[in-house]
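Asker: Sequence and predicted structure are below.
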Amino acid sequence: MNKLGELAKRIGQLVLVLFLVTLLVAFLMRLLPADTVDIMLPGQPEEFKEVIRQELGLDKGFFGYYFQWLTNFVKGDFGSFYFAGGSETVASHLGNALPKSLLLMLYSQIVALAVSIPLGLSSAYRAGTKFDRAVSGTLFTFSSVPSFAIGLILALVVGVKLGWVEPLGYVPMSEGLVEHFKHMVLPVASLSVGLIAAYTRLLRSDVIATLKEDYVTMAASKGLSDRRILWRHVFRPSSITLMTSAALNMGGLIGGAVVIENIFSIQGVGFEIIYALGTRQYVALQSLIALVAVGYVLFNVVVDIASGFVDPRTRERRGLR
Amino acid sequence: MDSVKKSFAFRLTVAWFALIIFFAVFGPLLPLPNWQEVFDDALSVTPLKQGHLLGTDSNGYDILSGIVYGARISLFISFTAVFLGGVIGSAIGISAAYVRGKYDYVVSTLFNVVLSVPNLVLSLALIAVLATNVDPNVPTSTGRRITVLVISLTIVIIPILGRIARAATLSWANREFVLAARSMGSKDRSIIWRHIVPNVLPAIFAVAFLAIGVVIVAEASLSLLGAGVPDGTSWGSMVARGRNDIEFAPHIIIIPLIFIALTVISCNYIGDVIRKQLDQRQAKL
Amino acid sequence: MLKLENLEISFATSRGNLHAVKGVSLEIAAGESIGIVGESGSGKTVLSRASMGLLAPTATRTGTVVFDGQEISSLPREQVRDTWGTGMAMIFQDPMTALNPVRRVGSQIMEGLTVRLGLSKEDARKRAIELLGRVRIPDPEQALKKFPGQLSGGMRQRVMIAIALACNPKLLFADEPTTALDVTVQAQILQLLSELRKELNMSMVLVTHDLGVVAGHTDKIAVMYAGEVVEYASTKDLFARMRMPYTEALMKSIPRLSTPSGSRLPVIEGRLPDPTKPEPGCLFASRCPYAQEKCRTQHPDLTTDSNGHQYRCFFPLGGAQ
């Protein structure tokens, strides 16, 4: 009965957050110590700068500028990189950069889940044993080591000293799957180590709690094997916690990816952000940062909805209220 | 819990933390070469050779001196940012949870909005804006960069600790003793100071240790991206400067990396122990 | 069918060794129904779980358990498991917590059928529908698709019975099967269990704190107190000539229909002895209205009278025979 109202309220909240986030980013860019165009295009003739100002709406005050930018942003026009000789659209840069970053993060999440799920389940199942303590101790240490440290050391040992894989650059899938993955191994490994540690620790404590549930004893009394109970009865309810955690860790992963792209010379979104920053392209920078934030918010919404599908408990809670 | 406090791992962690703080505070009194002194005859010396305990980098700087001086900068940045962010965040979070209503709604929405920009990207944006000179040919001074870094990271920390403070306050504000104090006509200010703050503080403290780790990593990442402190002034900056020498003199970056990693591990471990102790105390109530 | 001999169970706890079950010997014939009655903490639930072998690894067990001619107490867990579901099955106390909240009712019933009996999915589905009809769930086809959270307590308990009966067990343990339910639903569920037991010619162990529950549904009753069997007789004999003062006290605490559901039962004065600290005399002495000096210093043995009625008392009700 109230489902529609609930939905409308949630969408309203989402729109408000998206609006405020873009406003925040636009506001940040106004903290520059001088006029944006003066900083972006130093040494250019004043008439040229004036044209750019009008084009961007910077002459219309903060809100005038913001709404013009926002309208374009929603339409998919993210502005341009300006140079002395001309300009390149941010969208054209993103066309190259976005797939690289998305693949990098996707692979990292897949690897992290693929390793942490069996590890978390088995260490919870053997809680208190030597195996469990060894896993927990190792993971605690690795959860604290920043991804760039792991990246640099991997690049040194595996890439340079052993020469097993290519340490630098990006090769698209179309130029050969083997080469593609060879270049991705180190960046993905660097990013997933921290995630593995976080997910495994979380899953372990969650599973230990679930193992004490009545329905686990009930499942055992049917004569099922421990393995089946662990996967079918214990992992399912714990997987929702894992999904929520994957969403929470996305922010850290995005930050980590910015550094890792830089270390391994992958020209993804993080690379573009650093490029915009280095070349003082504040309009492009604003769009890029807003894009990251909007993407992050939307990802969280998707996970939230998905976990509702997986877990009937949250579905009911929402449906009933 | 006492067993954890007495455990070898905990003692080791505290000892490491004490060592780093000792470096930061008493570094200049140690009999070490100046961190900016160049040893022309000793470039990229590996550790324990030619009188350099941790070796030198490719410019001939003594790495141990760099580490000791870097401890001061890295810890200054992270402690200041976490302290300021903690104080401001707690003030906002506690008051929001205590007052509730519209003020609380605005505060939690704003926290959510700021948190929806990933940490590193937010600090990157802030630095990009605040550390820029109008004239691209005038480099930003190290002092200004450090100030800007502290401000940016403080802004990143405010919603993180603010949210914790808000949640903790919410769970305490309706306990009997608070309601009792209210019914006896105590002023809000005194209730907050006497009843809420002492109970909320340990939770903030536990997360603050984790936050110090987060800030140390963020500082190093920013340096690595060229947006942090330049010229090997901080640990992250030492890593950034040694990056090009990774092939022939890996110790130049490995040593500061180890210091960063061990310090972050210590922060996380201490934060973890505080949190566990807190959980146990709460379980007993 | 099931024979317990001198069964002892203890748990290692932080406060010391908790002696939960002390030297219990019982025998259940094929098709027979036995009630185990006692307050919470008397060891009755531990006893039933231990008979099946479902205890946590922190428990230590001595004595023998013989099921269907096989001494299962000396078998490794993997082999005991083969008797679960198909030989012995269990209905748990709380249908709210004993069904997995994130799996559909259908898959929880069919699981035992496909895994233990090797039925095809289609056959398992048919059998599941048949089972749900048997436990009188209206519209079984629809019920299969529901999550436990979408059913009422009584319906969930029926589902649990269907799960327990799925693989045609020879012996059914029902651990407080009605405690969590409303009074009217309690009667329905008990009636259903009784009918199904006769229909399927199962043995049943009915564990409860409520003498009223076992009265009409069992052949024999064992009363437990502080881990010991204190009275053991046929149901008829027990109600006709009660020997133990403790059983009498339990009798007085039976809820009447006039007591509103959910209200606390009139409890027996005093508390159960601390199971971590052995006491010299009769364990019930401190709460017994008839206790004399001897009761506080000597521990009474289980005595059998001429009718085979067993009791553990120096001064039984109705005098010694």
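Answerer: Sure, I can see it. Numbering: from 1, shown residues only, chains lettered A, B, ... in the order given.

Asker: Now do the contacts for the residue in the stretch 101-250 of chain C positioned nearest to chain B.
Answerer: Residue nearest to chain B within the stretch 101-250 of chain C (CB to the nearest CB): C:P101, separated by 24.9 Å. (Glycine included, C-beta is placed from N, CA and C.) By CB atoms under 8 Å, 6 or more residues apart in numbering or on different chains, the contact set of C:P101 is A:215, A:237, A:312-313, C:147-149.

Asker: Now intersect those with the strands, please.
Answerer: Judged by DSSP state E, strands contain none of those.

Asker: Going through those residues, which ones are buried?
Answerer: The neighbour count (16 or more other CB atoms under 10 Å in any protein chain shown) marks A:215, A:237, A:312-313, C:147-149 as buried among the contacts of C:P101.

Asker: for those residues, which one is nearest C:S33?
Answerer: Set against C:S33, the nearest of the buried ones among the contacts of C:P101 by CB to CB is A:Y215 (26.1 Å).

Asker: where are the low-confidence patches of chain B?
Answerer: For chain B, residues meeting the criterion pLDDT under 70 lie at B:1-6, B:35, B:40, B:42-45, B:48-53, B:60, B:282-285.

Asker: Check it and tell me which residue is nearest its centre.
Answerer: Centroid-nearest residue in chain B, with CA atoms, centre = their mean: B:I212, separated by 2.6 Å.

Asker: Report the separation between that one and chain C.
Answerer: To chain C, B:I212 is 35 Å away according to CB to the nearest CB, to the nearest Å.

Asker: can you tell me which residues contact that residue?
Answerer: By CB under 8 Å, 6+ apart, the residues touching B:I212 are B:78-79, B:82, B:267.

Asker: before we move on, back to that, ok, which pair from the buried ones among the contacts of C:P101 is furthest apart?
Answerer: A:Y215 and A:P312, at 13.6 Å, using CB to CB across these.

Asker: Run through the stretch 1-150 of chain A and note the low-pLDDT ranges.
Answerer: In the stretch 1-150 of chain A, residues with pLDDT under 70: A:1-2.

Asker: where exactly do the helices run in it?
Answerer: All helices of the stretch 1-150 of chain A, identified by DSSP state H, counting those that start in this stretch, fall at A:3-29, A:36-40, A:46-56, A:61-75, A:90-125, A:130-144, A:147-154.

Asker: Return the most buried member of these.
Answerer: Of all those, helix A:147-154 has the most neighbours on average by mean count of other CB atoms under 10 Å in any protein chain shown, namely a mean of 24.

Asker: Buried ones in stretch C:66-74, by neighbour count?
Answerer: Across stretch C:66-74, burial judged by 16+ other CB under 10 Å covers C:67, C:72-73.

Asker: Which of these fall in helices?
Answerer: Among these, none falls in helices (DSSP state H).

Asker: Give me the buried positions along stretch C:123-132.
Answerer: Buried residues in stretch C:123-132, counted by 16+ other CB under 10 Å: C:124-125, C:127-129, C:131-132.

Asker: Can you spell out the domain ranges of chain A, please?
Answerer: A:3-92, A:98-280 (automatic domain parsing).

Asker: Please name whichever of the ones you listed is nearest to chain B.
Answerer: The closest of the domains of chain A to chain B is domain A:98-280. By CB to the nearest CB, the value is 3.1 Å.

Asker: related to what we said a few turns ago, using JSON lines, lay out the helices of the stretch 1-150 of chain A together with distance to chain B.
Answerer: Formatted as JSON lines, those follow (distance: least, CB to the nearest CB, whole Å):
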{"stretch": "helix A:3-29", "distance to chain B": "4"}
{"stretch": "helix A:36-40", "distance to chain B": "6"}
{"stretch": "helix A:46-56", "distance to chain B": "13"}
{"stretch": "helix A:61-75", "distance to chain B": "14"}
{"stretch": "helix A:90-125", "distance to chain B": "11"}
{"stretch": "helix A:130-144", "distance to chain B": "4"}
{"stretch": "helix A:147-154", "distance to chain B": "5"}
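
Asker: of all these, which lies closest to A:A247?
Answerer: Within the helices of the stretch 1-150 of chain A, the stretch nearest A:A247 is helix A:90-125; the backing value is 10.4 Å (CB to CB).

Asker: So the closest one, near chain C or not?
Answerer: No. Applying CB under 8 Å from any CB of the partner chain, one finds helix A:90-125 separated from chain C by no less than 11.4 Å.

Asker: which strands and helices sit next to that helix?
Answerer: Helix A:90-125 is packed against strand A:80-82, helix A:130-144, helix A:177-211, helix A:236-263, helix A:269-278, helix A:282-310, with contacts defined by 3 or more CB pairs under 8 Å, 6 or more residues apart in numbering or on different chains; DSSP states H and E.

Asker: and the longest one, does that touch chain B?
Answerer: No. Helix A:177-211 stays out of contact with chain B when judged by CB under 8 Å from any CB, the minimum separation being 9.9 Å.

Asker: coming back round to it: out of the helices of the stretch 1-150 of chain A, flag the one nearest A:G308.
Answerer: Closest to A:G308 of the helices of the stretch 1-150 of chain A is helix A:3-29 (CB to CB; 11.0 Å).

Asker: quick one, the closest one and helix A:61-75 angle?
Answerer: Counting by axes from the mean of the first three to the mean of the last three CA atoms, to 10 degrees, helix A:3-29 lies at 120 degrees to helix A:61-75.

Asker: can you redo the helices of the stretch 1-150 of chain A as TSV with distance to C:T114?
Answerer: What follows is the helices of the stretch 1-150 of chain A, written out as TSV (distance: least, CB to CB, whole Å):
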stretch	distance to C:T114
helix A:3-29	35
helix A:36-40	67
helix A:46-56	65
helix A:61-75	51
helix A:90-125	22
helix A:130-144	31
helix A:147-154	44
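
Asker: In chain A, which residue sits closest to chain C?
Answerer: For chain A, CB to the nearest CB, closest residue to chain C: A:G223, 3.5 Å.

Asker: SS state for that residue?
Answerer: At A:G223 the chain is in coil, as set by DSSP: H, G, I helix; E, B strand; the rest coil.

Asker: what helix or strand does the residue in chain B positioned nearest to chain A sit in?
Answerer: Using CB to the nearest CB, the closest approach of chain B to chain A is made by B:L120 at 3.1 Å. Under the criterion of DSSP states H and E, B:L120 resides in helix B:119-130.

Asker: Kindly list the longest helix within chain B.
Answerer: Per DSSP H, chain B has its longest helix at helix B:63-99.

Asker: Can you give me the buried ones in it?
Answerer: B:63-75, B:77-86, B:88-90, B:92-98.

Asker: quick one on the thing from earlier: list the residues that contact the closest residue to the residue of chain B closest to chain A other than its chain neighbours.
Answerer: Closest residue to B:L120 apart from its sequence neighbours, by CB to CB, 6 or more residues apart in numbering or on different chains: A:G255 at 3.1 Å. Counting by CB under 8 Å, 6+ apart, A:G255 makes contact with B:118-121, B:218, B:221.

Asker: Can you spell out which helices and strands pack onto the helix or strand harbouring C:A124?
Answerer: Assessed by DSSP H and E, C:A124 sits inside helix C:121-134. If contacts are counted by 3+ CB pairs under 8 Å, 6+ apart, helix C:121-134 sits against helix C:105-116, helix C:140-144, helix C:153-165.
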